[in-house]
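S.K.: From the sequence below, what's the structure:
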Amino acid sequence: MAFSLFSYIFGRNPGILSPALPLQSYLSSAELPSMTDHVNDEVAKLDRTVCRITAVLVDADEKKIADETMKLWIFEIKQVTWEAEGILEDYSYELLCNSTVQEEKVTDYTDFPLNPSFQQNILDRISKVRKFLDEICRDRVDLGLIDQEGLCRKESSISRCTSSLLDPLEVYGREDEKKRIISFLLDDCLTFKKRMKEHKYETCKGGAIRLISIVAMGGMGNTTLARLVYNDTKVQNHFDILAWVWVSEIFDEVRLTKAVIESLTTKPCDLTELEPLQRQLHKEVKDKKILLVFDDVWNEDPIKWETVKRPFSSVATGSHMIITTRNENVSTISRAKKVIPLGGLQKDDSWTLFYKLSFPDNACRETELGAIGRKIVEKSNGVPLILKTLGAMLSLDTSLEFWNYVLTSALWELDPGWDRILPILKLSYYSLPAVLKRCFTFLAAFPRGHKFDLEDLVRMWCALGFIQEDGVKMMEEIGHSYVHELVRRSFLQNLQLSGSREKVVIVHDLIHDLARSIGAILVGTTPLYSDNKLVPFTLPVAGQFSLRSLSFQSKWRTYLRSCVRNNLRIFFQARVQSQWWYNLEGCLMHSPHLKYLRILDVSSSDQIKLDKSVGVLHHLCYIGMCQREVPEAICKMYKLQTLRNTYPFEMIFLPRNVTALSNLHHLVLPREFPFTIPSGIHRLTKLQSLSTFAVANAGSGAATLDEINTLQGELCIMDLQNITHDRILETKSANLTKKTLTRLELMWNPLPSYKSIPHDEAVLDSLQPHNRIQQLVVSGFRGLNFSPWLGDRSLFCLQELELCKCYYSDRLPPLGQLPNLKQLKLMSLWKLRSIGLEFYGDCKAPFQCLETFILQNLVAWEEWWLPENHEHCVFPRLLMIDIRGSHKLALLPLSNLHGLEAITVSSCSKLESIVGLKERCEVIAGNSAMQAGHTNMLPSLRKVKVTACPSLEEPLISMLRQQKEISFSYWEQSPSTSPTDIADFGKTPWGDSGKVPNVDVDFFPFGTGSSPSSTYTILHI
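M.R.: Numbers count the residues shown, from 1 in each chain. Take a look at the predicted model:
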């Protein structure tokens, strides 16, 4: 087996491709043309060799290598591959430097007039690589590493069988999840169908078996929860027959069918073919209410699923199947009607489980071990497998020193505890496609608990070459699919940060330890202990291996100098405390070992400065920094894909020649201080991300955007007030309809005036985005009428829309025509008096997808016309409405909003009545006289919050306080609002009085300049 793995590279002879190149063959200047041709040929051969070796290494990773000698041999192959990659990287960079057409992507080794000494150096290095490969191949023969079954074993041997037997006394927690599943199982057919319809799930035909899926990463207790449900007395009595089958990663239809029969009948089955087996099973389950559990399912083949489910077509109504899996894809492919995701145990349950195992005699030394034990439990994040393993291990040694050691160590460093956890987790790793394995092990380069910005993570994968374009999709699009797949397989978890729209993913600590352990095997790295404390970055083992990634959090300059080798590809600074300062120029930049660095990220602190010395890092594809001036030296990084600068204090200055970076994909800069794009932007033909674009008073106008045809993702165009009447053609030339943006912000910084600016309407007309736009913000618009395209049905992907500080607009566009709009914000539209028929448009079903509607500081708003007799329900999916600062609104008509769950009303001084709310309270109170005709008014309402609405009718407030079905909170005054006079404001939309109603604090631009610092704080309407 081992021989078959590697003979593909080397053949059956010890020589590699061709004999080593003689060093003296290419020194004659007369032979330079032929030397150039030969260099191209040899580099191309080396490239093919690297591709073949990479393919074999991927194949080797699919198997669990047991022999230590073979492991070392494989690692030597990896080392020589890294050296070969360095040669190819040097050669490709030299081609980029010498190419006169930098826009051309260099994918083959064409003839360029390279420096003769450089060519000779390349040939010498190729010769050394080939000699090394020949030595490795001879070692394989000398060591007898031939085809032996003992050298490899398939990962399936790691699997463990399960059964339905359970000791209830060993289970803690999971009561809520258990009740949820049992409630689904015990519902009768009609109730079940009604609930499935309410939750928008596909209803099942009578007789079909319904699926419930329990999804979580390994060790989280999927199987235990299934056992709890399976052995519950109510469940046992509810079903006619029950069966439990352990599936594993091999989804064999014959074996599974046979296993179900044997579990149902408790007798051995001698049938061996699928046809008689399925007929026998069909006979056993016909017209019976069955509960079937498939434990530990990995299959993603829908055809196999259909084959296995076929015998259950005639089961009795109410039959169910429970599957446990680590992969959410399995739930989708199996057509599960309900998915139960599992998280960690609650703190109390975690401590109880740990306490029982670590103190079996109940002799907890609270003053010593108890406090440490609780910290260990907190570190476990409620994962039952970790709690059981650590509890059992700690029960064998109750010394204070050992417990402290366990507390301060990573799981993968603990023996034998990790040996019990690792096999279960590695099953998930081995099931990954090869390309996802590389992406996953990369996560080990970052500290525990690190929050990965989704976009940034994908960019780093691209920088390392983990993602390649396939001719149809861009690398970034493919990378997003990789993230999605890792989330579905429980290797990553989505995290929603409060008040942020950024997409963030995290790695569970247990999965991070798995990545660390695999990374140590693949690249030979291990943590280093000093004074019983873990050095917070990875170092190589005693000079045996080469370091591929390095992240640091502390002041370890000596280690950095001594441990970095040529193979370092990632340098990441996690965090730096204020008292530490690093001079990377003296510490690292002059080190020859950083030559092949792909990722350099020191963006988390402005104390680390990059200067001209960074220019030696020619192979950088990703650079992150936090400083005002970007060094000119980066303009020679022709492979750079991502330039990220997080400096938040002043305007960032880009070097003049930044447009020479022909491979630049992402220019990520903070929005606080917009920058002006330098001339020659059209040379950046691969630029996709341009977070902010500021329209200058003169020079760099919006027409510059037309030169960047590859823009996608998010874009904020600021200072649109600089587009005067004679510059309108600039915005027409921007051609945003040709750029596949997902989020667009159009921002004016308006000057104080009581008149609208008519040409702003033409500007907005010309900035219509691509029809795949998902999020749109229009802020500071100074025209009277919004552009018609804002309500165009062609914007079928638009989900979030915000119209903000459009002080002079008195009419809304037909937003009801947007077919997939989910969130709508109308804020500070000072002249808007009525929301009428034009708001809904001429479509048959307006606002069919809207879920959140926010209206704030509409100071002139008096009337909201809500259709009552529309042929289709208006706002059928609206869940939440938030109205604040509308001081002229007296009546709020909400009676027809059947799906509304939450109402928030604040600072509406003249609001007297909320139509539909009083009737709902009457229905809840059981008033039979009021129930007739009002049962459908606000039937889904669960929460009402009212603040500073003094005119609201007292009977309604009393009724809301008395009922218990709706959560109600009421404050007579808001502590953040008070009447304020602004004497010198001048003309305002509400007249000459200068009076501003009760409003929230915000900013409104004054002065003659457009600088963000030119503002006064006022009370924001």
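S.K.: State the helix or strand in which residue 307 lies.
M.R.: Residue 307 is part of helix 302-309, with elements assigned from DSSP states H and E.
S.K.: same thing with residue 644?
M.R.: Per DSSP H and E, residue 644 falls inside strand 642-645.
S.K.: by contact count, what packs against that strand?
M.R.: When contacts are defined as 3 or more C-beta pairs under 8 Å, 6 or more residues apart in numbering; DSSP states H and E, strand 642-645 sits against helix 454-463, strand 622-625, strand 666-668. Where C-beta positions appear, they are placed from N, C-alpha and C, glycine not excepted.
S.K.: Just checking the distance from the first one to the centre of its chain.
M.R.: For helix 454-463, the distance between its averaged C-alpha position and the chain's averaged C-alpha position is 11 Å (C-alpha atoms, centre = their mean, to the nearest Å).
S.K.: Does anything pack onto that helix? Which helices or strands?
M.R.: helix 434-442, helix 475-488, strand 504-506, strand 622-625, strand 642-645.
S.K.: give me that answer again for 6 Å
M.R.: helix 475-488 (3 or more C-beta pairs under 6 Å, 6 or more residues apart in numbering; DSSP states H and E).
S.K.: swap in the shortest one?
M.R.: Using 3+ C-beta pairs under 6 Å, 6+ apart as the contact definition, the elements that strand 666-668 packs against are strand 642-645.
S.K.: So in this protein, where's the weakest helix or strand by average pLDDT?
M.R.: strand 1015-1020 (a mean of 25; mean pLDDT, DSSP states H and E).
S.K.: one step back: residues touching the helix holding residue 307, excluding its own?
M.R.: 251, 253, 256, 333-334 (C-beta atoms under 6 Å, 6 or more residues apart in numbering).
S.K.: Any buried residues in it, and which?
M.R.: 305, 307-309 (16 or more other C-beta atoms under 10 Å).
S.K.: And stretch 911-927, by the same measure?
M.R.: Buried residues in stretch 911-927 (16+ other C-beta under 10 Å): 911, 914, 916-924.
S.K.: Please convert the helices and strands packed on strand 642-645 to a markdown table, extending it with mean pLDDT, mean neighbour count and distance to residue 85.
M.R.: Below are those laid out as a markdown table (pLDDT from 0 to 100; neighbours: other C-beta atoms under 10 Å; distance: least, C-beta to C-beta, whole Å):
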| stretch | mean pLDDT | mean neighbour count | distance to residue 85 |
| --- | --- | --- | --- |
| helix 454-463 | 93 | 23 | 14 |
| strand 622-625 | 92 | 24 | 17 |
| strand 666-668 | 90 | 22 | 23 |
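S.K.: Export these as CSV, with columns for distance to residue 245.
M.R.: Below are these laid out as CSV (distance: least, C-beta to C-beta, whole Å):
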stretch, distance to residue 245
helix 454-463, 37
strand 622-625, 47
strand 666-668, 49
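S.K.: Against which helices or strands is the one helix or strand residue 377 maps to packed?
M.R.: For residue 377, the element it lies in under DSSP H and E is helix 371-379. Applying 3+ C-beta pairs under 6 Å, 6+ apart, we find helix 371-379 packed against helix 347-358, helix 400-408.
S.K.: the inter-axis angle of the last one versus helix 347-358?
M.R.: Angle, helix 400-408 to helix 347-358, by axes from the mean of the first three to the mean of the last three C-alpha atoms, to 10 degrees: 140 degrees.
S.K.: And helix 400-408, what does it pack against?
M.R.: By 3+ C-beta pairs under 6 Å, 6+ apart, helix 400-408 packs against helix 371-379.
S.K.: what separates the helix it packs on from the chain centre, distance-wise?
M.R.: With C-alpha atoms, centre = their mean, you get 30 Å for helix 371-379.
S.K.: any residues touching it, and which ones?
M.R.: Residues contacting helix 371-379 (C-beta under 6 Å, 6+ apart): 350-351, 354, 403, 407.
S.K.: Then stretch 213-228?
M.R.: Counting by C-beta under 6 Å, 6+ apart, 162, 164, 166, 174, 177-178, 293, 295, 322-326, 328, 331, 336, 339-342, 383-385, 424-425, 428, 490 sit against stretch 213-228.
S.K.: go on, stretch 249-264?
M.R.: Against stretch 249-264 from outside (C-beta under 6 Å, 6+ apart): 241, 243-245, 269, 274, 277-278, 280-281, 284, 298-299, 304, 307-308.
S.K.: what about 7 Å?
M.R.: Residues outside stretch 249-264 that contact it (C-beta atoms under 7 Å, 6 or more residues apart in numbering): 156, 159, 241, 243-245, 247, 268-269, 271, 274, 277-278, 280-281, 284, 292, 298-299, 301, 304, 307-308, 427, 431.
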